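In: how would this look folded up:
(one chain, ligands or ions: 2)
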Amino acid sequence: MTEPLYALRGLRKVHQGPAEEVVVLRGLDFDIPAGDSMAILGASGSGKSSLLHLLGALDRPTAGEIRFKGRDLASLAPVEAARVRNRDIGFVFQFHHLLPEFTTLENVAMPALIAGIPRREAFARARESLSLVGLDERVEHRVTTLSGGERQRAAIARAVLLRPAALLADEPTGNLDEATGAKVGDMLARLNAELGMTLVVVTHNHNLAALMGRRLELQGGELYARNETSRS
Ligand SMILES: Nc1ncnc2c1ncn2[C@@H]1O[C@H](COP(=O)(O)OP(=O)(O)O)[C@@H](O)[C@H]1O
Ligand SMILES: [Mg+2]
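Out: Ligands and ions are numbered 1, 2, ... in the order given. Model (predicted):
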């Protein structure tokens, strides 16, 4: 059997609130096979973003292991964790976090420039990535001139620029109208199907959740399978 992309063992996260501790994840045990697509559902405050941040090496667990490609993310030195975030994991947030003073192309090329890839190649890759999300026409525009849906597609192009093994999206359609959100959802599903990118999407959008191979719900710090919105 091949090793799963992610293996979570006894994963626990406790946030220190102003007055008391908030136990967000109570010891999760689950695997995410490479190439999988999954939706994480759950009420506001149930810990969805906390879980995604752990999967993205943006935060460390309070206890337990979070193995990614066989390495425990919690044990990585900061420099190594930054390298994993740059090259192996793509993140898409509810807000696009593009830099307004740069063009779409420059924004999308950023992970390659950070990775030390020469400018010419970085920009060639960025054009390719923008074409993947159907934004060929807008590359030289400042991102401030793009519509909400176009900005989110540019954010996706940036996230997948270096072909990460995992693409993590936190309410990626939360700021978009229904039709635009549907386009962005289709795009994410296509990146999973065509590039084999493992996809984990936190969402309240049931149409988007239905596009994923499986659905899990966070409740009371535990994850439960929730398959009533299956595709077929
Ligand atoms: N950095 C933090 N410090 C303290 N409490 C936090 C922090 N991040 C999240 N929390 C708390 O943890 C709980 C889960 O938050 P979050 O993971 O953002 O949930 P969700 O994304 O499902 O809405 C909430 O009660 C939230 O207030
Ligand atoms: Mg959240």
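In: Please report the number of neighbouring residues for His141.
Out: His141: 15 surrounding residues under other Cβ atoms under 10 Å. Where C-beta positions appear, they are placed from N, C-alpha and C, glycine not excepted.
In: my guess is it contacts Asn107, does it?
Out: No - His141 is beyond contact range of Asn107, at 10.6 Å (criterion: Cβ atoms under 8 Å).
In: got any ranges where this structure has weak pLDDT?
Out: 1, 228-232 (pLDDT under 70).
In: Show me the beta-bridge partners of the residue most central in space within it.
Out: By Cα atoms, centre = their mean, the chain has its centre lying nearest to Leu168, at 1.3 Å. Counting by DSSP bridges, Leu168 forms beta bridges with Phe91, Val200.
In: And Leu8, by the same measure?
Out: Phe30, Ile66.
In: where's it relative to Asp29, distance?
Out: Distance, Leu8 to Asp29, using Cβ to Cβ, to the nearest Å: 6 Å.
In: rewinding a little: for the residue nearest to the centre of the chain, give me its contacts.
Out: 52, 55-56, 89-92, 200-201 (Cβ atoms under 8 Å, 6 or more residues apart in numbering).
In: try Arg9
Out: Contact analysis of Arg9 by Cβ under 8 Å, 6+ apart lists 29, 64-65, 67.
In: quick check, nearest of these to ligand 1?
Out: Proximity of those to ligand 1 (Cβ to the nearest ligand atom) peaks at Gly64, which lies at 16.1 Å.
In: wait, that closest one sits on Arg26?
Out: No - with contact defined as Cβ under 8 Å, Gly64 does not count as touching Arg26 (10.0 Å).
In: So for Leu8 and Asp29, which sits in the more crowded spot?
Out: Leu8 (23 against 13).
In: For the lengthiest helix in the chain, which helices and strands make contact with it?
Out: When the chain is parsed with DSSP state H, its longest helix is helix 178-195. On a contact count with 3 or more Cβ pairs under 8 Å, 6 or more residues apart in numbering; DSSP states H and E, helix 178-195 meets helix 148-159, strand 166-170, strand 198-202, helix 206-210.
In: Which one's more surrounded, Gly64 and Arg26?
Out: For the pair Gly64 and Arg26, the greater number of neighbours falls to Gly64 (18 against 15), based on other Cβ under 10 Å.
In: Give me every residue in this protein lying close to ligand 1.
Out: In this structure, the chain approaches ligand 1 at residues 15, 17, 22, 24, 42, 44-50, judged by Cβ under 6 Å from any ligand atom.
In: about what we covered before: extract the C-alpha set from the longest helix of the chain and format it as CSV.
Out: Provided in CSV are the C-alpha atoms of helix 178-195 (Å, rounded to 0.1, in the frame of the first residue of the first chain):
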residue,chain,number,x,y,z
GLU,A,178,-23.3,31.8,-6.6
ALA,A,179,-22.4,31.7,-10.3
THR,A,180,-18.9,32.9,-9.7
GLY,A,181,-18.5,30.5,-6.8
ALA,A,182,-19.6,27.6,-9.0
LYS,A,183,-16.9,28.5,-11.5
VAL,A,184,-14.2,28.6,-8.9
GLY,A,185,-15.5,25.3,-7.4
ASP,A,186,-15.3,23.6,-10.8
MET,A,187,-11.8,24.9,-11.3
LEU,A,188,-10.7,23.4,-8.0
ALA,A,189,-12.3,20.1,-8.8
ARG,A,190,-10.6,20.1,-12.2
LEU,A,191,-7.1,20.8,-10.7
ASN,A,192,-7.7,17.8,-8.5
ALA,A,193,-8.9,15.6,-11.3
GLU,A,194,-6.5,16.7,-14.0
LEU,A,195,-3.3,17.4,-12.0
